[in-house]
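Colleague: Just need the structure, nothing else, for what follows:
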Amino acid sequence: HLATSLPLPSERDHLRPRIDLIAFMIDIKSKYSLKNVEDSLAHVDASFFLGKVCFLVTGVGRVNYCSVEMNAIWKLGETYCSPVLFCELELEGIRVATAQRLLRMLQICAGHIPGVSALSFGSLMRSSADD
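Modeller: Sure thing, here's the model as predicted:
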């Protein structure tokens, strides 16, 4: 399910499936995109930041068109203890690899991978990024 911003409308709460993972998309070419994500973060329950949130940064192949500071994106990941993934949507191979990575993260967050929890996965992502 996709949403352009949070909070989600409450009138359909009873029909909404359980939310296992939130992937915030940031278009590196749009300051509005980053602002929208920052505004939406206030509406996410703190428990989701224990391995059930990631930031997906698109447009990384066009660094000369950047409107968003990379430090601001890295700071979001650090502040919310959430992984930052980079993707160039225009390249099929990278797009497919990123989709597979997100699907695997979703499987873990939904509890479909025995022995791996969203919290342990989140800590693994952070420790590998710190090396």
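
Colleague: Which positions in the longest helix anywhere in the chain come out as buried?
Modeller: The longest helix of the chain (DSSP state H) is helix 92-109. Neighbour-count burial for helix 92-109, with 16 or more other Cβ atoms under 10 Å as criterion, is recorded at 98, 102, 105-106, 108-109. All C-beta spots, glycine's among them, are computed from the backbone N, C-alpha and C.

Colleague: cool, and stretch 34-42?
Modeller: So, applying 16+ other Cβ under 10 Å, buried residues of stretch 34-42: 34, 36-37, 40-41.

Colleague: Please apply the same query to stretch 12-28.
Modeller: Neighbour count says stretch 12-28 has 20-28 buried, by 16+ other Cβ under 10 Å.

Colleague: what's the answer for stretch 56-66, then?
Modeller: 56-60.

Colleague: Keeping just the C-alphas, turn it into CSV.
Modeller: Extracted C-alpha coordinates of stretch 56-66, given in CSV (Å, rounded to 0.1, in the frame of the first residue of the first chain):
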residue,chain,number,x,y,z
LEU,A,56,14.8,4.7,0.4
VAL,A,57,16.7,7.4,-1.4
THR,A,58,16.0,7.6,-5.1
GLY,A,59,17.7,9.5,-7.9
VAL,A,60,21.2,8.9,-6.6
GLY,A,61,22.6,8.5,-10.1
ARG,A,62,22.1,12.2,-10.7
VAL,A,63,24.3,13.7,-8.0
ASN,A,64,24.7,16.9,-10.1
TYR,A,65,20.9,17.5,-9.7
CYS,A,66,20.8,17.0,-6.0
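
Colleague: and it, average pLDDT?
Modeller: Averaging pLDDT along stretch 56-66 yields 78.

Colleague: where do the strands sit along the chain?
Modeller: Here the chain has its strands, by DSSP state E, at 22-27, 53-58, 84-87.

Colleague: Tabulate those (CSV), appending distance to Arg12.
Modeller: Shown next, in CSV, are the strands of the chain (distance: least, Cβ to Cβ, whole Å):
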stretch, distance to Arg12
strand 22-27, 17
strand 53-58, 22
strand 84-87, 28
